[in-house]
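Enquirer: Here is my input; please provide its structure:
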Amino acid sequence: MNNGLDITEDEFMSMTAKNQRLVLFRNAVHGRKKDKDYTLNKKFQYIWLLVLTIALGFRKYLPL
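Expert: Numbers count the residues shown, from 1 in each chain. Sure thing, here's the model as predicted:
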């Protein structure tokens, strides 16, 4: 069941309302944790993109 996050629609519909809400809550928490991990990577990607953009932009003014 993978911590209640990976179930089929039939399994979900056969659960009680309380268990359905619990599965939805766990899924939301799991999604937020993944998003926080991703935002750190995204910050590094944007910084790297900014550095490359500036470096390639200044290349046109440098005599090569």
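
Enquirer: What are the boundaries of the strands in this structure?
Expert: With DSSP state E, there are no strands along the chain.

Enquirer: Next, count neighbours for residue 9.
Expert: Applying other CB atoms under 10 Å, we find 7 residues neighbouring residue 9. Heads up, the C-betas are built off the backbone N, CA and C, glycines and all.

Enquirer: can you tell me how far it sits from residue 21?
Expert: Applying CB to CB, to the nearest Å, the value for residue 9 to residue 21 is 16 Å.

Enquirer: Ok, residue 12 next?
Expert: To residue 21, residue 12 is 11 Å away according to CB to CB.

Enquirer: What of residue 44?
Expert: Residue 44 is 36 Å from residue 21, by CB to CB.

Enquirer: Confidence-wise, which helix or strand of the chain is lowest on average?
Expert: Within the chain, confidence by mean pLDDT, DSSP states H and E is lowest for helix 17-59 among all helices and strands, at a mean of 83.

Enquirer: can you give me how far that one is from the chain middle?
Expert: 4 Å (CA atoms, centre = their mean, to the nearest Å).

Enquirer: going forward, begin numbering at 34 instead of 1
Expert: Understood, numbering begins at 34; the last thing we discussed is helix 50-92.

Enquirer: That helix packs against which elements?
Expert: Helices and strands touching helix 50-92, by 3 or more CB pairs under 8 Å, 6 or more residues apart in numbering; DSSP states H and E: there are none.

Enquirer: rerun at 10 Å
Expert: Contact analysis of helix 50-92 by 3 or more CB pairs under 10 Å, 6 or more residues apart in numbering; DSSP states H and E lists helix 42-47 as its packing neighbours.

Enquirer: Just name whatever secondary elements the helix it packs on is in contact with.
Expert: helix 50-92.

Enquirer: Residue 66: what's it in contact with?
Expert: By CB atoms under 10 Å, 6 or more residues apart in numbering, the contact set of residue 66 is empty.

Enquirer: Residue 55: neighbour count?
Expert: 13.

Enquirer: okay but it is in contact with residue 40, surely?
Expert: No. In this structure residue 55 lies outside contact range of residue 40 using CB atoms under 10 Å: 11.6 Å.

Enquirer: anything in contact with each of these two?
Expert: Joint contacts of residue 55 and residue 40 (CB under 10 Å, 6+ apart) are residue 48.
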